[in-house]
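Asker: got a sequence here, can you model it:
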Amino acid sequence: MRAQARRWRTRKPLASSSTLKLFHSSRSGAFPVARRASAHPTELELLILKVLWRKAPLPVREIRQALADEGRDLAHTTVITTLNLMTRKRYVKRSMAGKACLFEPRVTREQVSRGMLGDLVDRVFDGSAAAVVLSLFDSARIKPGELDELRQLLKHKRKSREEPR
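Answerer: All right, here's what the predicted structure looks like:
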C-alpha cells in the first residue's frame, strides 16, 4: 500500500479560543487536530525577543539580519509572520516609521524568565525551588566565584525574609 502524502492546513482560532486548530486533510476529508497555544514564547519568539532586548525598535530587515548573524537564516516572510503572531500575543508592539514597521518588546527579559522558570519549577519539580537548585548543581559546571556569589545571594534572601515588615 502506497503511503499518502499528508497535507496540513491551519485555520485562525476564534478570538476566545486558546488553541490553534490544525486540520489534516486526506481523500476522506479534513478532520481537526488541536494544539494548545504556548503559554510562553516559542524558541523562535525567544530569539527575536533577545534581539529586541539588545536594541529596539528595529525593522523586520534588521531583526532578520540579526537572526542570520546568530545562525538562524530565515525567510523574510517567516520573520514577518512570527512578529505578527508575537504582536497578537502582546510580546512586541509595532509602530510605523515611514513605510517601515518597527518592532519593540512589550515584555521584559525578567517577566519572560520569571514566567518560564516558574512554569518549569511547577511542572517538572512540583514547585520545589530546592529541587531546581540541586538539579542545577548536578547538571551544570559552577565556577568557584559563582558559588561565592550564590552564597551571598542566599544569605541576602534569608536576611530579607527574616526582617519584620
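Asker: in this structure, where is pLDDT below threshold?
Answerer: Under the criterion pLDDT under 70, the flagged ranges of the chain are 1-37, 164-165.
Asker: which residues of it fall in strands?
Answerer: Applying DSSP state E to the chain gives strands spanning 7-11, 19-26, 29-36, 58-59, 92-97, 100-105.
Asker: gap between the residue most central in space within the chain and residue 96?
Answerer: The geometric centre of the chain, computed from its C-alpha atoms, lies nearest to residue 41 (Cα atoms, centre = their mean), at 2.0 Å. Noted for residue 41: a distance of 24 Å to residue 96, by Cβ to Cβ, to the nearest Å. (C-beta placed from N, C-alpha, C; glycine too.)
Asker: before we move on, what about residue 54?
Answerer: Taken as Cβ to Cβ, the span from residue 54 to residue 96 is 22 Å.
Asker: longest helix anywhere in the chain?
Answerer: Taking DSSP state H as the criterion, the chain has its longest helix at helix 144-162.
Asker: got a list of contacts for it?
Answerer: Outside of helix 144-162, the residues within contact range by Cβ atoms under 8 Å, 6 or more residues apart in numbering are residue 142.
Asker: ok now it, how far from the chain's centre?
Answerer: Remark: helix 144-162 is offset 29 Å from the chain centroid, using Cα atoms, centre = their mean, to the nearest Å.
Asker: and it, C-alpha only, in PDB?
Answerer: Extracted C-alpha coordinates of helix 144-162, given in PDB (Å, rounded to 0.1, in the frame of the first residue of the first chain):
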ATOM      1  CA  PRO A 144      34.200  28.800  42.400                       C
ATOM      2  CA  GLY A 145      33.400  32.500  42.000                       C
ATOM      3  CA  GLU A 146      29.800  31.700  41.100                       C
ATOM      4  CA  LEU A 147      29.500  29.600  44.300                       C
ATOM      5  CA  ASP A 148      30.500  32.500  46.400                       C
ATOM      6  CA  GLU A 149      28.000  34.700  44.600                       C
ATOM      7  CA  LEU A 150      25.300  32.200  45.200                       C
ATOM      8  CA  ARG A 151      26.200  32.000  48.900                       C
ATOM      9  CA  GLN A 152      25.900  35.800  49.100                       C
ATOM     10  CA  LEU A 153      22.500  35.800  47.300                       C
ATOM     11  CA  LEU A 154      21.200  33.100  49.600                       C
ATOM     12  CA  LYS A 155      22.400  35.000  52.700                       C
ATOM     13  CA  HIS A 156      20.700  38.200  51.400                       C
ATOM     14  CA  LYS A 157      17.500  36.300  50.600                       C
ATOM     15  CA  ARG A 158      17.400  34.800  54.100                       C
ATOM     16  CA  LYS A 159      18.000  38.200  55.800                       C
ATOM     17  CA  SER A 160      15.200  39.900  53.700                       C
ATOM     18  CA  ARG A 161      12.800  37.200  54.800                       C
ATOM     19  CA  GLU A 162      13.700  37.300  58.500                       C
END
